[in-house]
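*Asks:* A predicted structure for the sequence below; I have some questions about it.
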Amino acid sequence: MDSLQGKNSNRRTRRLAALLASAAMLLPPANNACADAAPEQGVVSLKYLNYHDSQSGDTYKTAGMSRDRINVNALSLMVMVPVAGEWSVAMTCTEDSITGASPAHHGWGFPADSSSGASGELRYAGDLSVTRYFSKGTLSAGSSYSQESDYISRGISLSGTLSDGSKNTTISLGTAYNSDTVDLNKPAVIDSKKSESPRSKRVFSALFGVTQVMSQNDIMQIIVTWTHGKGYYSDPYKDPDVRPDMRRMFTFMTRWNHHFEAPDGTARLSYRYYTDTFGIRAHTLNVEYVQALPHGWEITPMVRYYSQSAADFYVPTGDDPFVAARVDGMQYYSGDQRLSAFGAFSYGVRVAKELGRSWMADVKYENYEQRYDWGISGRGDSGIPTFNARNIQIGLTRKL
Amino acid sequence: MERFGFRAMGGGCEIAVAEMEKEESKRLASLGIEEVNRIERKYSRYLPETVVSKINAQAGRNWTVCDEETVALLDYADTVWCSSGGLFDVTSGVLQRAWDFDRAAVPPQEKLLPLVKLVGWKQVERKASAVRLKQKGMQLDFGGICKEYAADAAALLLSGLGVRHGYVNLAGDIRVIGPKADGTSWTFGIRHPRKPEGLMASIPVTSGAIATSGDYERFFESEGQRYCHIINPVTGFPVMFWRSVTVLAPLAATAGSCATIAMLMEAEGLNFLKDSGFRYLAVDQAGRMYYNQ
């Protein structure tokens, strides 16, 4: 384990150094002649450094409180068009976050510690976890606490892995308990939801997984999780929005990597199924194939499909997408887009080439499109626009 | 979406993660927070055992061998110094000894001049991975670079661990990890430089970073003139032209450095911003806004 941590730390340092080099390259060139550091203009976009580790399903839904054979895929820079929209000047609106430091009182040093609710609220978060390593497995216990002006969350978790002697089979087990409290007294809360007494939510979850080396060329993994939550799920800042006070979730994920000896290629398949008592059912299917070619080339095409059904109480946009839809007679309702039905399709390809013994260059292209009528059921909310994204990354990597 | 707030880098910070189960979000956010703390502890000028304090203690004396991360930061400091025509200088921290924001007094020339002599990136000697400050009393201060670097580092870490939607906000310097779960952009508000609770503008951002440098973070006013914490290393005096500058760039380090350089360049800053090719919004002392579309 120690050497693995040492290796990880070297990798990380290299990525960080690459990050700073990229940042430097983007700065406008010097006006006066500086002997050393003038960056070249116009070639910046080809020099982003990217460290890429093989053997990885890059699905972001990797479940698990234990990190098994999943390696890290790190990006030091992502280029997406467009970067930003237009400035809107002198308008009051709600923001996700704020740039510009919170002004301190006159005086030296850090802003006053009193979270006088002055500029943004002050939030505190803490996390503690302990892992014990045995010869055949691990055991971890963790606790977490986070407090913001309108939300307090506390949690504890316990998880472990157990392998057989040859480490061909590894079993993972985990469980967690979370208790959250939401304050309904804030000014931005919808009037009908305001309340002096805070509401709470308690969530209990469990995970079970098996990773099995099937043969010299095959690895398979299955992970299932159950979650049971009870409490306040509605969004206090949205109207209309009333959600059930209980939510149970279940996920099933399976992954299979197969290496083909003759062509020296690896196929990676994964499928994830998600369902919950809000009525949402989602599927994610990810297929990619890594093919090694002569002279150090490698090509990896990829395809991913995601489909989600709407929550039972999702209220679609009506004829006019800008007017809140009617909710007469419904016990639960929400217009949150994320609870609607939609499907999304991504495809892409990555081409890589080894340069000498320690270096590699790669180019990756990915296209993502999401539509309300691409879900398996074919029926979604036509009031939600299609979303399209295209992603091109160019990288240079130093191998260990 | 989960938001995790914490204090670091002299202000309120926040990591937002969307489209992941709460457990996982929490675990990942805490790793991000750890990374921010690691960088802050490593490069603080005020704690005794940090990399920077050790280098400063050897000013005028011995060489200090640095690790890869520190060398990368020194290289970056060099590029920023060049790009700013020598105005963004990480050795200018010593000038803050003369500017006592508590006492709100303009320092006399005899106090300033000896300190100005201790400022100068050219006096930082480097040999492979070792560094030495030429004169006794010189000080390195990564304060102007660290915060943005930490935002990029935390975002890089989270992105590598599978986060595809979220952002890292360290006391106002924001690096986006990915757009909102449904692909739409985050909306970031820009603090009004003269109204502490107000916002003066906002902009939707899908990727990249946004950073703001302003004269309202630490300052005092004396006889109708505001003296802020951004000090010109050549004159020894705080800059006075802009109230705030906001820049959008692919990396937080770049955005933050450009914003600070524009502040330091004062009137010339506008041309610098235009040449950079980045989106910017700058407000001068009369409250006039300059921005590109």
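*Replies:* Noted; the coordinates are in hand. Numbers count the residues shown, from 1 in each chain, chains lettered A, B, ... in the order given.
*Asks:* pLDDT weak spots in the stretch 51-200 of chain A?
*Replies:* Applying pLDDT under 70 to the stretch 51-200 of chain A picks out residues A:51-129, A:131, A:133, A:148-149.
*Asks:* mind checking pLDDT for whichever residue of the stretch 1-150 of chain B sits closest to chain A?
*Replies:* Among all residues of the stretch 1-150 of chain B, B:G5 sits closest to chain A, at 2.0 Å; criterion: CB to the nearest CB. C-betas here are computed from N, CA, C, even on glycine. B:G5 is assigned 91 on the pLDDT scale.
*Asks:* Write out the residues of the stretch 251-400 of chain A neighbouring chain B.
*Replies:* Proximity of the stretch 251-400 of chain A to chain B, by CB under 8 Å from any CB of the partner chain, involves residues A:Q337, A:R338, A:Y368, A:Q370, A:F387, A:A389.
*Asks:* Dump those to a markdown table, plus pLDDT.
*Replies:* Shown next, in a markdown table, are these (pLDDT from 0 to 100):
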| residue | pLDDT |
| --- | --- |
| A:Q337 | 74 |
| A:R338 | 77 |
| A:Y368 | 80 |
| A:Q370 | 80 |
| A:F387 | 71 |
| A:A389 | 71 |
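*Asks:* Out of these, the closest to chain B would be?
*Replies:* Distance to chain B, by CB to the nearest CB, is smallest for A:F387 among those, at 4.0 Å.
*Asks:* Quick check: phi and psi on the closest residue to that closest one other than its chain neighbours?
*Replies:* Spatial nearest neighbour of A:F387, excluding adjacent residues (CB to CB, 6 or more residues apart in numbering or on different chains): B:G183 at 4.0 Å. Torsion angles at B:G183 (phi, psi; degrees, to the nearest 10) stand at phi 90, psi -10.
*Asks:* beta partners of A:T170?
*Replies:* On the basis of DSSP bridges, A:T170 takes part in beta bridges with A:S163, A:T211.
*Asks:* One more: A:Y365?
*Replies:* As for beta bridges, A:Y365 partners with A:V349, A:I392 under DSSP bridges.
*Asks:* contacting residues around it?
*Replies:* Going by CB atoms under 8 Å, 6 or more residues apart in numbering or on different chains, A:Y365 touches A:G348, A:V349, A:R350, A:R390, A:N391, A:I392.
*Asks:* still on that earlier bit, name the member of the residues of the stretch 251-400 of chain A next to chain B with the most neighbours.
*Replies:* Among these, A:Q370 has the most neighbours (other CB atoms under 10 Å in any protein chain shown), with 22 neighbours.
*Asks:* quick one: that one and A:G380 touch, right?
*Replies:* No: the criterion here is CB atoms under 8 Å, and A:Q370 misses it with A:G380 at 9.9 Å.
*Asks:* between the two, what contacts are shared?
*Replies:* Common neighbours of A:Q370 and A:G380 are listed as A:F342, A:G343 (criterion: CB under 8 Å, 6+ apart).
*Asks:* Any stretches of the stretch 301-400 of chain A with poor pLDDT?
*Replies:* For the stretch 301-400 of chain A, residues meeting the criterion pLDDT under 70 lie at A:317-327, A:357-358, A:383, A:385, A:397-400.
*Asks:* one more time with 90, if that's ok
*Replies:* Counting by pLDDT under 90, the low-confidence segments of the stretch 301-400 of chain A come to A:311-342, A:344, A:353-400.
*Asks:* For it, which segments count as strands?
*Replies:* Taking DSSP state E, counting those that start in this stretch as the criterion, the stretch 301-400 of chain A carries its strands at A:333-334, A:342-355, A:359-371, A:387-398.
*Asks:* Give me whichever of those is most buried.
*Replies:* Mean neighbour count, computed with mean count of other CB atoms under 10 Å in any protein chain shown, is highest for strand A:333-334 among the strands of the stretch 301-400 of chain A, reaching a mean of 22.
*Asks:* In this structure the residue nearest to A:F387 contacts A:Q370, no?
*Replies:* Yes: in this structure B:G183 lies within contact range of A:Q370 using CB under 8 Å: 6.3 Å.
*Asks:* about what we covered before: tally up the residues packed near the residue nearest to A:F387, please.
*Replies:* Using other CB under 10 Å, B:G183 has 18 neighbouring residues.
*Asks:* Now do it against A:G335, distance only.
*Replies:* Distance of B:G183 to A:G335, given as CB to CB, to the nearest Å: 18 Å.
*Asks:* before we move on, back to that, save the strands of the stretch 301-400 of chain A as TSV, and put in distance to B:E110 too.
*Replies:* Listed next are those as TSV, based on distance: least, CB to CB, whole Å:
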stretch	distance to B:E110
strand A:333-334	68
strand A:342-355	58
strand A:359-371	55
strand A:387-398	51
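*Asks:* tally of neighbours for residue 190?
*Replies:* Unless you meant another one, I'm taking chain A. A:I190, neighbours per other CB under 10 Å, totals 15.
*Asks:* that answer is for a different chain, and I need it for chain B
*Replies:* There are 24 residues near B:I190, going by other CB under 10 Å.
*Asks:* other SSEs contacting the strand or helix carrying it?
*Replies:* Secondary structure from DSSP states H and E places B:I190 in strand B:186-191. For strand B:186-191, the contact count by 3 or more CB pairs under 8 Å, 6 or more residues apart in numbering or on different chains; DSSP states H and E identifies strand A:97-99, strand B:199-205, strand B:208-214, strand B:242-249 as packing neighbours.
*Asks:* Send over stretch A:195-213 as CSV, restricted to the C-alpha atoms.
*Replies:* Included here for stretch A:195-213 are C-alpha records, laid out as CSV according to Å, rounded to 0.1, in the frame of the first residue of the first chain:
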residue,chain,number,x,y,z
SER,A,195,-41.6,27.4,9.1
GLU,A,196,-40.1,28.2,12.4
SER,A,197,-39.1,24.6,13.2
PRO,A,198,-36.6,23.0,10.9
ARG,A,199,-37.3,19.8,9.0
SER,A,200,-35.1,16.7,8.9
LYS,A,201,-34.2,13.8,6.6
ARG,A,202,-32.6,10.5,7.6
VAL,A,203,-31.0,8.3,5.0
PHE,A,204,-29.7,4.8,5.4
SER,A,205,-27.8,3.0,2.7
ALA,A,206,-26.0,-0.3,2.1
LEU,A,207,-23.7,-1.6,-0.6
PHE,A,208,-22.6,-5.0,-1.6
GLY,A,209,-20.1,-5.8,-4.4
VAL,A,210,-18.1,-8.5,-5.9
THR,A,211,-15.1,-8.2,-8.2
GLN,A,212,-13.9,-11.4,-9.8
VAL,A,213,-11.0,-12.1,-12.0
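*Asks:* In that stretch, which residues are buried?
*Replies:* In terms of neighbour count (16 or more other CB atoms under 10 Å in any protein chain shown), stretch A:195-213 has its buried residues at A:R199, A:K201, A:V203, A:S205, A:A206, A:L207, A:G209, A:T211.
*Asks:* rewinding a little: now, among the contacts of A:Y365, which is nearest to chain B?
*Replies:* Nearest to chain B among the contacts of A:Y365: A:N391, at 9.3 Å, using CB to the nearest CB.
*Asks:* Correct me if wrong: the closest one contacts A:R350.
*Replies:* No: between A:N391 and A:R350 there is no contact under CB under 8 Å: 11.3 Å.
*Asks:* List the residues that are in contact with both of these two.
*Replies:* Common neighbours of A:N391 and A:R350, counting by CB under 8 Å, 6+ apart, are A:K364, A:Y365.
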